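Novice: generate coordinates for the sequence data below:
(chains A and B)
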Number of protein chains: 2
Amino acid sequence: MSSQVTIKDIAKALGISASTVSRALKDHPDISRDTKDAVNELAKKLHYKPNAVALSLKSSKTNTIGVIIPELVHYFFSSVISGIEDVAYDAGYNVMICQSNEKYEREIINAQALLSNRVEGALISISKETNDYSHLQSIEESGIPIVFFDRVPDGFDSDSVIIDDQKAAYNAVCHLIESGCKRIAHLSAPTTLGIGKFRYEGYREALKAHNMAYNEEYVVVADSFDLAAVATRKLIQLPVPPDGIFTVNDLTAVGAMKTLQKMGIAIPEKVAIMGFSAGSYSDITTPTLSSVDQHGYEMGTKAASVLLERIEAKRNGPGETFYVDTNLVIRESTKKI
Amino acid sequence: MSSQVTIKDIAKALGISASTVSRALKDHPDISRDTKDAVNELAKKLHYKPNAVALSLKSSKTNTIGVIIPELVHYFFSSVISGIEDVAYDAGYNVMICQSNEKYEREIINAQALLSNRVEGALISISKETNDYSHLQSIEESGIPIVFFDRVPDGFDSDSVIIDDQKAAYNAVCHLIESGCKRIAHLSAPTTLGIGKFRYEGYREALKAHNMAYNEEYVVVADSFDLAAVATRKLIQLPVPPDGIFTVNDLTAVGAMKTLQKMGIAIPEKVAIMGFSAGSYSDITTPTLSSVDQHGYEMGTKAASVLLERIEAKRNGPGETFYVDTNLVIRESTKKI
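Specialist: Residues are numbered from 1 along each chain as shown, chains lettered A, B, ... in the order given. Sure thing, here's the model as predicted:
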C-alpha cells in the first residue's frame, strides 16, 4: 500500500484539492501553515514519496475523463473544454482531449485511445463526417458512460447536452424583424446537419410568426467565409435584395460583412447582419457582430457534471437530454429596436 | 497472444493505417475489395475479435503521445496541435491533449495524467505561471522523451522547437520603418517572459539598424486587448505621438486599432499597426492586420517528428534546439513600401 500513496490519496483523506497538496509539499507561499502541517504529517504517516505518481499506474482507477471534440480551433469548442475542465479538475479528475478534426477515421482512433487509456467516462461531440457509430458503441459496451454534447448521434441511450437551435434561431430572426428588417435572407448549413435543419426551421418560424412571406431566393446554403462572399454578392444583386441576413455561424457572418463593405453597403443601415455562436470574432469585427451566445462554457460544465454523476453512480436510469440556454448579444451589426 | 490482437497489429502487419483496417472490417464502401480481403484474412488468421481493443490494455505499448498546452483558445496553439496530430496519426500514434489553462497547478495534474496514462513521449509548452519544473522532471526521470515547443523551460536536456522571436520582431519593425514610419511605439509583454524580452530586443535592434532614436515613452507594457486601449490612448496624447505601433501579439494590435478608430485616427495613414502571430483575427479585422506568421502548424509537425525519432530511438544524444521560420504577412494595417 504505502508505495502507491499519491497526492490524490492525501488530498482525499484531508478533503482538499490535489493541487493544494502538491503545493503544500513544495512549501508554496499561497498555502497556509496549518494546511502544510496537516499535509506533511499525513504524507509522512503514509510514507508518501514524491515519485509515487509513477507507481500509481498499478492502481485500477485512472481518474481520467476523455473528450472527443471536432475542432479545437473553434472558440465555442474551446469554451466547452474550459467548462469541462473546471468541473473535472475540481472533482479530482484529469481531462484527456482528443480532436477528430471533423474526420470519421480520426474519431475511430480517438475512441480507441479513450478505451486503451481506460477513461472512466467520455464526453463526445461527433464529427461532421460521422454516420456510423460502432466505434462509439464500443465505448458504451465497455460500460464507460458517455455524455454527448452539441452534436449528438441518434440511437444511443446516453445523456446529452445541447442547445435549442430552433428556438435560438427564432429569437435571432425575431430581433432582425423587430429592429425593422422587412426582407431577411438566411445563409444556412446543409439541412442534412442538425444545426442546418433546426436553425433554418427557427428562421421560417420567425417569419411566419410575423406574417412575413417566405422567399426561397433568400435562403442559400453557405456556411463558410468564402461561400458567404459568393452568396452575399448574389443576394445583393437580386431585383429586390434583402435588408437583413441571418447566418448559421459567425464566420459566415463575417464573410457577408466583408462582402457588403467591399460593395459599399452600410451595415446595419442598408443590410443588418446577425451571426450565430458569439465566438471570438464577434467583438473584433468592425462593426462588431450581433450573434447568439451558445454558452459553451455552461455546456461544458453541465456535460461534465452529468458525466461525473454517472461515473459515481449518483445518476441512474435512462439517458436524458439537457438544454443549455442561449441568449442574443446585440452589437453594432443590427439596428436598435 | 491471439486475444490481444488489435486493429493496429493488423495495420502494422499489412503496412496500412488502423482506420483503413477498421473500415475494411466494417465493409466500408471506400475500401477496395483487395484490402478488405487481405484484412479479413489476416484478422481470421490472428483470431482477431472486434472487442479486442478493450483487451489491448494488457499490452505494454500505449502508442500515445501526450501534449500539454497552455491555452487551446489561441489559434496559434490549435495550429500547433493540428501539426502534431497530422504527424502522429500518420505514424500510428494517438494524441492525448491536456490544457494547463496557463495554471501551474493544472500543469502538475497534466504531467501526472501523462505519466499515469503511460504516454510514450510528451510535447510540452509551459504555462505563464510555471517556474518550478519538478513535475516535468518527473516525466524526464521516468524515461519518457520530452520535446518542448514555443515556451521552453531552462535546465532540461530535451529537444526544443521554437521561433527566433528577436529576428521576427526585428523584421516586423523593419517593415514599419521601410514603409515610412518615423516614430514607432512598442506594446510589449513583461520582459520577464521570453517573448516579452526577445520581441522587445528585436524592436530595439531594428531602430538601431536604421539609426532611429530609442524613446522610452514609446515602450509600454501592454499585452492584452484592454491594456492596449489604455496604452494607445496615452501614446496618441503624447506631445509627439508615434506614427507606427508594433504589438507583442495580435489581440493587443486589435485593441490598439479599435482605440485609434474611436479617436478618428486613420490606419495606416496616420498610425500603422503591426501585430505578431497572424492568428485567426488578422483576416477578420477592418482594416486587416499585418502580422508575423509563426507557422504554428510547422512547429507542431517538427516537434512531433523529433519526438517520434526519440521514441523510436532514431535520434540519440543531447537535446537540440530547432528553429521554425517566421515570415511577415503584410495586410492593410501597414503602409505599402
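
Novice: what residues go with each domain of chain A?
Specialist: A:2-58, A:64-163+A:296-324, A:165-293 (automatic domain parsing).

Novice: so where is the stretch 101-250 of chain A shaky, pLDDT-wise?
Specialist: Scanning the stretch 101-250 of chain A for pLDDT under 70 picks out nothing.

Novice: can you give me the strands in it?
Specialist: Under the criterion DSSP state E, counting those that start in this stretch, the stretch 101-250 of chain A contains strands at A:121-124, A:146-149, A:159-163, A:184-188, A:219-221, A:244-247.

Novice: who does the host helix or strand of A:Ala253 touch, helix- and strand-wise?
Specialist: Element membership for A:Ala253 (DSSP states H and E) is helix A:250-262. The contact analysis (3 or more CB pairs under 8 Å, 6 or more residues apart in numbering or on different chains; DSSP states H and E) places helix A:250-262 against strand A:184-188, helix A:225-236, strand A:244-247, strand A:272-274. (C-beta placed from N, C-alpha, C; glycine too.)

Novice: those: which one's closest to B:Thr247?
Specialist: Shortest distance between B:Thr247 and the helices and strands packed on helix A:250-262, using CB to CB, is found for helix A:225-236: 24.2 Å.

Novice: contacting residues around that closest one?
Specialist: When contacts are defined by CB atoms under 8 Å, 6 or more residues apart in numbering or on different chains, helix A:225-236 is touched by residues A:185, A:187, A:218, A:220-222, A:241-242, A:245, A:247, A:251-256, A:258-260, A:263, A:265, A:271.

Novice: filter the residues you listed down to the buried ones, PyMOL style.
Specialist: The buried residues among the contacts of helix A:225-236 can be selected in PyMOL (16 or more other CB atoms under 10 Å in any protein chain shown) with this line:
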select buried, chain A and resi 185+187+218+220+222+241+242+245+247+251+252+253+254+255+256+258+259+260+271
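
Novice: which bits of the stretch 151-300 of chain A sit near chain B?
Specialist: A:254, A:258, A:261, A:280-281, A:284-286 (CB under 8 Å from any CB of the partner chain).

Novice: okay if I get those residues as JSON lines plus pLDDT?
Specialist: JSON lines is the format used below for these (pLDDT from 0 to 100):
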{"residue": "A:Val254", "pLDDT": "94"}
{"residue": "A:Lys258", "pLDDT": "94"}
{"residue": "A:Gln261", "pLDDT": "95"}
{"residue": "A:Ser280", "pLDDT": "75"}
{"residue": "A:Tyr281", "pLDDT": "78"}
{"residue": "A:Ile284", "pLDDT": "87"}
{"residue": "A:Thr285", "pLDDT": "90"}
{"residue": "A:Thr286", "pLDDT": "89"}
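
Novice: what subset of those is buried?
Specialist: By 16+ other CB under 10 Å, those give A:254, A:258, A:280-281, A:284-286 as buried.

Novice: and of those residues, the nearest to B:Tyr133?
Specialist: Distances from B:Tyr133 to those, taken by CB to CB, are shortest for A:Ser280, at 31.2 Å.

Novice: report pLDDT for the closest residue to that closest one other than its chain neighbours.
Specialist: Of all residues not flanking A:Ser280 in the chain, A:Tyr75 sits nearest, at 4.2 Å (CB to CB, 6 or more residues apart in numbering or on different chains). With respect to pLDDT, A:Tyr75 scores 85.

Novice: tell me who's in contact with A:Tyr75.
Specialist: Contacts of A:Tyr75 (CB under 8 Å, 6+ apart): A:277, A:279-281, A:296, B:73.

Novice: of all the buried ones among the residues of the stretch 151-300 of chain A next to chain B, which two lie farthest apart?
Specialist: Largest pairwise distance in those, by CB to CB, is 16.6 Å, between A:Lys258 and A:Ser280.

Novice: can you add distance to B:Ala24 and give the residues of the stretch 151-300 of chain A next to chain B back as JSON lines?
Specialist: As requested, those are exported to JSON lines (distance: CB to CB, whole Å):
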{"residue": "A:Val254", "distance to B:Ala24": "41"}
{"residue": "A:Lys258", "distance to B:Ala24": "44"}
{"residue": "A:Gln261", "distance to B:Ala24": "50"}
{"residue": "A:Ser280", "distance to B:Ala24": "40"}
{"residue": "A:Tyr281", "distance to B:Ala24": "41"}
{"residue": "A:Ile284", "distance to B:Ala24": "46"}
{"residue": "A:Thr285", "distance to B:Ala24": "46"}
{"residue": "A:Thr286", "distance to B:Ala24": "51"}
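
Novice: and of those, the nearest to A:Asp30?
Specialist: Nearest member of these to A:Asp30, counting by CB to CB, is A:Ser280, at 30.8 Å.
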